[in-house]
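# the following comprises the amino acid sequence and a computationally predicted model.
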Number of protein chains: 4
Amino acid sequence: MPARKPLNIGLVGYGFMSRAHSNAFLQAPRFFETEYQPALKAVCARNAERVKSFAQNWGYESVETDWRALVNRADIDLIDIASPNDTHAEIGIAAAQAGKMVLCEKPLGRNATESASMVSAVESERVANMVWYNYRRVPAVMLLKLLLDEGRFGRIFHYRAKFLQDWTISQELPQGGEGLWRLDADVAGSGVTGDLLAHCIDTALWLNGPLREVTAMTETFIKERKHNLTGRVEPVRIDDASAALGRFHNSALATFEATRYARGHKALYTLEINGGHASAMWDLHDLHRIQFFDHRDEGRLRGWRSIHVTDGDHPYMKRWWVPGLQIGYEHTFIHQFADFLTALSEGKEAAPTFRNALATDHVTDAILKSAKTGRWEPVSSVP
Amino acid sequence: MPARKPLNIGLVGYGFMSRAHSNAFLQAPRFFETEYQPALKAVCARNAERVKSFAQNWGYESVETDWRALVNRADIDLIDIASPNDTHAEIGIAAAQAGKMVLCEKPLGRNATESASMVSAVESERVANMVWYNYRRVPAVMLLKLLLDEGRFGRIFHYRAKFLQDWTISQELPQGGEGLWRLDADVAGSGVTGDLLAHCIDTALWLNGPLREVTAMTETFIKERKHNLTGRVEPVRIDDASAALGRFHNSALATFEATRYARGHKALYTLEINGGHASAMWDLHDLHRIQFFDHRDEGRLRGWRSIHVTDGDHPYMKRWWVPGLQIGYEHTFIHQFADFLTALSEGKEAAPTFRNALATDHVTDAILKSAKTGRWEPVSSVP
Amino acid sequence: MPARKPLNIGLVGYGFMSRAHSNAFLQAPRFFETEYQPALKAVCARNAERVKSFAQNWGYESVETDWRALVNRADIDLIDIASPNDTHAEIGIAAAQAGKMVLCEKPLGRNATESASMVSAVESERVANMVWYNYRRVPAVMLLKLLLDEGRFGRIFHYRAKFLQDWTISQELPQGGEGLWRLDADVAGSGVTGDLLAHCIDTALWLNGPLREVTAMTETFIKERKHNLTGRVEPVRIDDASAALGRFHNSALATFEATRYARGHKALYTLEINGGHASAMWDLHDLHRIQFFDHRDEGRLRGWRSIHVTDGDHPYMKRWWVPGLQIGYEHTFIHQFADFLTALSEGKEAAPTFRNALATDHVTDAILKSAKTGRWEPVSSVP
Amino acid sequence: MPARKPLNIGLVGYGFMSRAHSNAFLQAPRFFETEYQPALKAVCARNAERVKSFAQNWGYESVETDWRALVNRADIDLIDIASPNDTHAEIGIAAAQAGKMVLCEKPLGRNATESASMVSAVESERVANMVWYNYRRVPAVMLLKLLLDEGRFGRIFHYRAKFLQDWTISQELPQGGEGLWRLDADVAGSGVTGDLLAHCIDTALWLNGPLREVTAMTETFIKERKHNLTGRVEPVRIDDASAALGRFHNSALATFEATRYARGHKALYTLEINGGHASAMWDLHDLHRIQFFDHRDEGRLRGWRSIHVTDGDHPYMKRWWVPGLQIGYEHTFIHQFADFLTALSEGKEAAPTFRNALATDHVTDAILKSAKTGRWEPVSSVP
């Protein structure tokens, strides 16, 4: 094993996603053969005490409290943005302009306009860029991609996905501030459409190609909540639930749904594809499995196969343990970062790029627009 | 056990549904305590040879080849219509006018206009009437109804249902004629919307109350098929797939979908309800189970309960075997007919009446209309 | 359809199994093409009032209160024994000696000695005979039999089965008398070994051939219960739980278990077969499914197939509804009786014959003996 | 967060388990609050090139090729043994005598005699010790332990466990040497009994207390295999399959089974407990779930709860992500090592100690003995 080249990382944020990304930086080179060795140079956040504690736990060499300082440090190769959505565009554009590679937690911007400005920045500066739509790197989901690309499913008739949670049902839950900024429309951009449905859309576009048009509805079940930053009861301006019908360019029909009001579902991201020859389903609650039905199996013995995607010939899995031993959520980030490092070595782009993520934002924007107009809305295309 | 009163039945049709109904007539009094004893007086269909064979197998005393003759027989109390959809209105109205009780296979008419004329007939003639939306009588579904009526779920946020099949995917399948009239728009009225989605709508209205408005899309994937009656390749005018978003009067959101192009699903009617306190799911492929989640369970031990609905304290089940021994599809018809007999004895209506079924037709009509207009369409109310 | 020949039936018993058998007599000719038409001539039990009520409900033409009278009636072709285990041998032998065909609910006798005398009687009198081990006629189980006979599994390494219930856990439950004779060793012969494990053994011998030897343990968790017939608290002499290891003649290993103390299981009869090429599982709680794994599937896509055994090319199923619509418990009796009628027409034996059932009794006897001796016990062979 | 105390680790082995342990050393302090910071001082194996590569990948500071050198290094606090079974006793005893803490991969020795000598060594030297029976630290399994300790299950009637694999079915697979020493009786001690069944036994003893006696059978399906070290076809002396019946001191019945000949199962470790009030099941293939049945639930709504053990109030889980996001196999080692560090800080033992593991060996020894004698064998007790 030759010595690895250092890749100096500066992280913005210290929340949930900062942990997931940092873990990926540390674990990827232990389980995958990478040319680069990530070096955790600095982590940045406004709260000096908490960012120091985070740095100590994860082994970051230094801390910053001003993201502009981080972005301008000469010893940093890559800026990773894991702070709330309203900071993505400004930091991302500045980082690109400083010549840094830029990784960004999803959604890219709060809307397609913000995202488009970020795409312009990274593309005009020609810096490597990637958005953390991590569910593409679930081995089971990657297996579906391979099967689709091999034409195993035949003509696709239906694609349906939903992402159901139940954590905001209580009227007592406030909005805004740390841990709850996802309920604050100014910070988050939207509610479940940008947070949850965006995952469904990203995977759908990747697996089944672009969407042509959508019609949708959104709902805010709890109309007012106390705001943590103002201390006042204020209208809730995010969408609590979102559902859409759509048509793909390949003529398949789409049904999408996301909500935080589905009691009993913690993070139920499920997707299903129905083709002329075969169908498949996947579910985040048991992410190491797919259900696969192949009509070309012998008639009497056709059934939905529950495939435990942990074998050596399954995507990513020969790097882990032995068949039958499952992996978990954080592995998706490890896989995505390992793929980023490989792409970097090969001079290729690592998907989803900012441009790929913009396509998702065009869909979520069309969904939010349709929910207001009550009409079918076309989805802007991303070349 | 006192002697039972005879109830003289005349059946129209000898297909799949005629078997299911006949079985119900024979089995209901063996497993349920009923005041009436159904007498299978006559079965009617145009093909004399086949209707004789049917009569012999099921024990009908006589046959008719003209439904008008059947309807006018003085020795018949009840006309049961199990012939194709385009015959429902004419026979049903004539039967009502002849003073007969009328049972009708679903959907009631080919559209709400036909159905409304049938409602008028049975109501002006004051004859007992019922539509065979049999899935209400699945013990698991009836249990859901009881739980909802007890307020176990709290405020309802979401109701979703789909009915997925895969039997028409082949381009080689012709349309029209015996066994395939469901693909002929003139006979069937519509495709999956009236055939499959109607089941979803009937259950939804019963469980969660009326719908206010819908937006929808439909698709015909295979545009032309040989027609069995003409021998020519003709345009297919039914909908192969149908999906809708909707809003209930109680403010819950609805998502509905039906298709015959979901490879791997034979008759996957699934429904899910999400309320503030609890959620539940049911699936026709394992109709003797529900999945139930109660948020008021102790936190660490909350989970989806897989309830095998076969105990003596479950609806209908003390009439069958012992706990753990499942029932099947045809039992839903037996239960529905047993309930009809009970209602008859008690001088009550047996749901769903023709009027109840008209409400479903208003929804399916609005869905089909929205699929053409691209707009949200209001659902006409049925008082 | 030509006129059917009458087959005159006399039934002994009016309990749970009498209902299941009577239903089979009535339903078999409606759903299967049979040369014979069962005629329900008489039902016999000591309680005159209850037997009359039973006769009225099921359409038996007459009643008897003495089984000897029934057995000697000239207008009866077939005696069906559905009374408690301690009556099987005496009635069965008398019926055979009267030249009647004999059907008998399982287990055949209370032990192999009783059963052997019954085998002698039916074989010396050359009367048709069959034991109601109904689970062989579950379509899913029959499909397993077909696959095994085709050699799909390769060499069999393991066969495991268990039958778990939980209905006798309460100390308050009495033993003996109507509905509870299964807890009375004098009547039942044994506890779960003859009641539940016998089902597992019958299926195992049929699917995988004879057993060579077993070692076993039994347990009576609740040592004393009030006896309904004496009114006194008496020792419980049946086995509450039974487990065995065994070796088949084909060198496969066996593990068997039955209990009435497995909380949460109502009638969980599960079996699993592991062969060199394939494995399969079945579970009575969802009897219309099997799980099937075929190692010869493409590596990446190997998985347990959940097969909904309701298609037209599945055993028995083209006689019922359409794919996706499940059947239930009582259908197994209908299938078995239809097979009996077919065998009768063809002059063949219908399995399991009394002789086949004796083989099961030799296994259960060896298990009960081993539980006492603590040693491996050989299983007596039945040619 | 105060600075952590270093804990200097020396690892023996570079195989599968060495990766799992090393990952635990690195991850535990990032996700758990620990007083100690593991320092990866040295890794030891005979193959210098491969051990260097391993050290580089995992960040070990140095390498050794002689375990005696490692054990005697003054800069090492803890020896972790992850080499094949035949090395455990010698290294473990030497490490203890050198005053090191000793962690050892399971099984402890190749038999109870070896294990007893290891227990003597660590106890006479009073060094901290632990065996990596990692499945105790699956959050779902730990939840079962908590529920059992709370008395939730009532009297325990049944405990059943099995561990099924299918990786040695091919006759072509050789025995012995790297990656295949588990088929070599001299190295492994036994086959599936020590490898797989030992996991079942360890969990069983922990959850349900000691076993009193067992009866068992073992089988070697493939009698001869080429030996990788000699190049000759040699008899296979390990057990390919093992099954046992047993009785616990608390009067519960036990059934255990392990095999490498169950086609379709990669690592199916399942366990089930049936108590008077409740039952539970767990399955390694979906290790983040348990199935739980509580008879005290309302009658109509009793069912097996599928509990996704990923909430903050589930064992270990508040250290990971958010509810609904599952963990995987390697987390069990992280948890176990974190618990070891906590115990070290608190001056307590971390279970399972060598003494605890010896109890498991007494059971597996009794099983192997019974398989030879054909008799029930008592299980030696460990005070």
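Yep, it's here.

# the residue nearest to the spatial centre of chain A and A:K100, how far apart?
Central residue of chain A (CA atoms, centre = their mean): A:Y133, 2.3 Å from the mean position. Using CB to CB, to the nearest Å, we find A:Y133 at a distance of 20 Å from A:K100. Where you see a C-beta, it was placed from the backbone N, CA and C, and this is true even at glycine.

# list the contacts of the closest residue to chain C within the stretch 1-150 of chain A.
Nearest residue of the stretch 1-150 of chain A to chain C: A:L143, at 6.8 Å (CB to the nearest CB). By CB atoms under 8 Å, 6 or more residues apart in numbering or on different chains, the residues touching A:L143 are A:290, A:307, A:309, A:314-315, C:300.

# the stretch 201-350 of chain A against chain B: which residues are in contact?
A:215-217, A:219, A:221, A:241, A:243-245, A:247, A:251, A:253, A:255, A:257, A:259, A:261-265, A:274-279, A:293, A:295, A:302, A:304 (CB under 8 Å from any CB of the partner chain).

# buried subset of these, written for ChimeraX?
Only the buried entries of these go into this ChimeraX selection, using 16 or more other CB atoms under 10 Å in any protein chain shown:
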select /A:215,216,217,219,221,241,243,244,245,247,253,255,257,259,261,262,263,264,265,274,275,276,278,279,293,295,302,304
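
# show me the shaky parts of the stretch 101-250 of chain A.
Regions of the stretch 101-250 of chain A meeting the criterion pLDDT under 70 are absent.

# strands - which of the residues of the stretch 201-350 of chain A next to chain B land there?
A:215-217, A:219, A:241, A:243-245, A:247, A:253, A:255, A:257, A:259, A:274-275, A:278-279, A:293, A:304 (DSSP state E).

# go back to the residues you listed and keep what's next to chain C.
Contacts with chain C within these, as defined by CB under 8 Å from any CB: A:W304.

# picking that back up, buried subset of the contacts of A:L143?
By 16+ other CB under 10 Å, the contacts of A:L143 give A:290, A:307, A:309, A:314-315, C:300 as buried.

# quick one: end-to-end length of stretch A:272-284, please.
Start-to-end span of stretch A:272-284 (CA to CA, to the nearest Å) is 12 Å.

# next: stretch A:217-232.
28 Å.

# next, whichever residue of the stretch 51-200 of chain A sits closest to chain B: secondary structure please.
The stretch 51-200 of chain A approaches chain B most closely through A:F157 (4.0 Å), counting by CB to the nearest CB. Here A:F157 is strand, with the state taken from DSSP: H, G, I helix; E, B strand; the rest coil.

# any buried residues in the lengthiest helix in chain A, and which?
Using DSSP state H, we find that the single longest helix of chain A is helix A:354-373. Buried residues in helix A:354-373, counted by 16+ other CB under 10 Å: A:354-368, A:370-371.

# just how off-centre is that helix within its chain?
15 Å (CA atoms, centre = their mean, to the nearest Å).

# assumed the residue of the stretch 1-150 of chain A closest to chain C was part of a strand.
No. Going by three-state DSSP, the assignment for A:L143 is helix, not a strand.

# mind checking how far it is from A:Q291?
Counting by CB to CB, the gap from A:L143 to A:Q291 is 12 Å.

# now do the shared contacts for the two.
Joint contacts of A:L143 and A:Q291 (CB under 8 Å, 6+ apart) are A:I307.

# briefly note if the longest helix of chain A comes near chain B.
No. When contact is scored as CB under 8 Å from any CB, no part of helix A:354-373 falls within range of chain B; the minimum is 9.0 Å.

# who touches the helix or strand just after that helix?
Sequence-wise, the next helix or strand downstream of helix A:354-373 (DSSP states H and E) is strand A:377-378. Applying CB under 8 Å, 6+ apart, the external contacts of strand A:377-378 come out as A:212-216, A:366-367, A:369-370.

# try 7 Å
With CB atoms under 7 Å, 6 or more residues apart in numbering or on different chains as the test, strand A:377-378 has contacts from A:213-214, A:366, A:369-370.

# just stretch A:330-349 next, same as before
Contacts of stretch A:330-349 (CB under 7 Å, 6+ apart): A:20-21, A:23-25, A:27-28, A:31-32, A:34-36, A:128, A:130, A:132, A:134-135, A:137-138, A:316, A:350, D:321, D:328.

# strands - which of these land there?
A:36, A:130.

# show the buried residues in the contacts of stretch A:330-349.
A:20-21, A:23-25, A:27-28, A:31-32, A:34, A:36, A:128, A:130, A:132, A:134-135, A:137-138, A:316, A:350, D:321, D:328.

# ok, residues contacting stretch A:190-198?
A:106-107, A:163, A:165, A:182, A:188, A:218, A:238-242, A:256, A:258-260, A:360, A:364, A:367-368.

# any buried residues in stretch A:33-46, and which?
Applying 16+ other CB under 10 Å to stretch A:33-46 flags A:34, A:36, A:38-45 as buried.

# now it - C-alpha only, CSV.
Provided in CSV are the C-alpha atoms of stretch A:33-46 (Å, rounded to 0.1, in the frame of the first residue of the first chain):
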residue,chain,number,x,y,z
GLU,A,33,-8.5,1.7,-1.2
THR,A,34,-8.1,5.4,-1.7
GLU,A,35,-5.3,7.5,-3.1
TYR,A,36,-6.1,10.3,-0.7
GLN,A,37,-5.9,10.4,3.0
PRO,A,38,-8.3,13.0,4.4
ALA,A,39,-6.8,15.3,6.9
LEU,A,40,-9.3,17.0,9.3
LYS,A,41,-7.7,20.4,9.4
ALA,A,42,-10.5,22.6,10.8
VAL,A,43,-14.1,22.8,11.8
CYS,A,44,-16.0,26.0,11.9
ALA,A,45,-19.1,27.2,13.8
ARG,A,46,-20.1,30.4,15.6
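
# is it in proximity to chain D?
No. Stretch A:33-46 lies out of reach of chain D by CB under 7 Å from any CB of the partner chain, never closer than 9.3 Å.

# quick check: A:W58 touching D:Q27?
No. Shown here, A:W58 and D:Q27 do not form a contact pair, counting by CB atoms under 7 Å, at 11.3 Å.

# how about the nearest residue to the residue nearest to the centre of chain A once chain neighbours are set aside, phi and psi?
In space, and not counting its chain neighbours, A:Y133 is closest to A:D202: 4.3 Å by CB to CB, 6 or more residues apart in numbering or on different chains. Per-residue torsions, A:D202: phi -60, psi -50 (degrees, to the nearest 10).

# near A:D202, how many residues? Count them for me, please.
26 (other CB atoms under 10 Å in any protein chain shown).

# swap in A:G312?
Neighbour tally, A:G312, other CB under 10 Å: 12.

# next, the closest residue to it other than its chain neighbours: phi, psi?
Of all residues not flanking A:G312 in the chain, A:K318 sits nearest, at 4.2 Å (CB to CB, 6+ apart). Dihedral pair for A:K318: phi -70, psi -20, per degrees, to the nearest 10.

# likewise A:W320?
A:W320 adopts backbone torsions of phi -100, psi -120, taken as degrees, to the nearest 10.

# state the pLDDT value of the closest residue to it other than its chain neighbours.
Once flanking residues are discounted, A:W320 sits nearest to A:I327: 5.7 Å by CB to CB, 6+ apart. Note on A:I327: pLDDT of 96.

# just the ones of the contacts of stretch A:330-349 in helices?
A:20-21, A:23-25, A:27-28, A:31.

# neighbouring contacts of stretch A:217-231?
Contacts for stretch A:217-231 (CB under 7 Å, 6+ apart): A:171, A:173-177, A:180, A:183, A:193, A:233-236, A:238-243, A:261, A:368, A:371, B:157, B:245, B:253.

# which of the residues you listed count as buried?
A:174-176, A:180, A:183, A:193, A:234, A:236, A:238-243, A:261, A:368, A:371, B:157, B:245, B:253.
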